[in-house]
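**Student:** Let me see the structure of the following:
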Amino acid sequence: MSQTVLQQSHGPQFTRIYSYGAARGDLIVTNDDLIEPINSSDEWIRQRTGIITRTRASAGILAVDLATDAAREAIEKSGVPAGDIDLVIIATISNVQQTPSMATVVADRVGANPAAAYDQNAACAGFSYGVTQADALIRAGAAHYALVIGAEKLSEFVDPTDRSISFLLGDGAGAAVIGPSETPGISAAVWGSDGSRAGSVGMNATTIDFKNGDATWPTLRQEGQTIFRWAVWDMAKVAKQALTAAGITADDLAAFIPHQANMRIIDELAKQLGLGEDIVIARDIATTGNTSAASIPLASHRLLQEHPELSGGLALQIGFGAGLAFGAQVVVLP
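**Tutor:** Numbering: from 1, shown residues only. As a prediction, the model looks like this:
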């Protein structure tokens, strides 16, 4: 009996990011708005985090709505017809339903139906994970054009009295369209996780606890010093590995776009990498806050608005957070 050989799909050799889109919460929340329940001050928050204000969304605006708005801008700027997008990945921890996924809803809203669509949860590393997946799936021939979105409404999970993370959090969505390229536009990823430290940041209860009346609504908590040390020392190593994987040095970068977790972390990472003064560093956290999976695309979008000369340059992006999950790669800015 002769053996049948299954046909395999093959895609382009390289991919790149075509465009970014962004949507931030409609409310500007100042430090003064938050300090009373945590018995703090505007100065304390600024010194500790670098945050001056953060954006949050009104009650009637969901993460899926922010994702839709960001996606529409990215698609319009990409020049790719929405109907040609056949893969939609949304990185989020903010879907208000276990199912259906936000991605299927957004795919339909933006005109990409019947694209393959799914949500994934790698928290603050989620956008980097999504870029890695889109790049691999397009090059494998499983998709032609991908829409990758980080979308969060973290204000739904804030305890106003919590001093560990509540004042950091904001709402927003950032999107990118990814497709074929004649030259490499997305480098090999350095990604992974450390579940042994999963308890360092995450929800303080489960929805089952809430349902059973054993807990109030789950909110986010973190062990600040543990996360700070991990982000600074371990993630500096990951960032350096990503540069090596891309075959470049820090001097080749035009921009550094880390997860917008905390300005002190951003500054320390830049120091550890030895970034020169000519390398532009994303600091979107100052007025947007920490938006988890949305932070890298939001920061990238703002960076290109403020520095259009960066287009075509190399940017190192690195996401890290709950899980503990991390992901980094070098990309060519659209």
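**Student:** So, low pLDDT: which residues of the protein?
**Tutor:** Where the chain drops to pLDDT under 70, the residues are 1.
**Student:** for it, what spans make up the helices?
**Tutor:** According to DSSP state H, the chain carries its helices in the segments 42-49, 63-78, 102-109, 126-139, 207-211, 224-229, 235-246, 263-273, 285-288, 295-306.
**Student:** I'd like the ones you listed laid out as TSV, including distance to Val331.
**Tutor:** Glycine gets a C-beta too; all of them are placed from N, C-alpha and C. Shown next, in TSV, are the helices of the chain (distance: least, Cβ to Cβ, whole Å):
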stretch	distance to Val331
helix 42-49	26
helix 63-78	14
helix 102-109	21
helix 126-139	7
helix 207-211	35
helix 224-229	25
helix 235-246	9
helix 263-273	16
helix 285-288	20
helix 295-306	9
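**Student:** Now tabulate these in JSON lines and tack on mean neighbour count.
**Tutor:** Formatted as JSON lines, the helices of the chain follow (neighbours: other Cβ atoms under 10 Å):
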{"stretch": "helix 42-49", "mean neighbour count": "16"}
{"stretch": "helix 63-78", "mean neighbour count": "24"}
{"stretch": "helix 102-109", "mean neighbour count": "23"}
{"stretch": "helix 126-139", "mean neighbour count": "25"}
{"stretch": "helix 207-211", "mean neighbour count": "12"}
{"stretch": "helix 224-229", "mean neighbour count": "15"}
{"stretch": "helix 235-246", "mean neighbour count": "18"}
{"stretch": "helix 263-273", "mean neighbour count": "18"}
{"stretch": "helix 285-288", "mean neighbour count": "21"}
{"stretch": "helix 295-306", "mean neighbour count": "24"}
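**Student:** Tell me which of those sits nearest to Pro12.
**Tutor:** For those, the distance to Pro12 is smallest for helix 126-139, at 6.3 Å, taking Cβ to Cβ.
**Student:** What are the boundaries of the strands in the stretch 51-200 of the chain?
**Tutor:** Taking DSSP state E, counting those that start in this stretch, the strands of the stretch 51-200 of the chain run over residues 53-56, 87-91, 116-120, 146-153, 171-181, 190-193.
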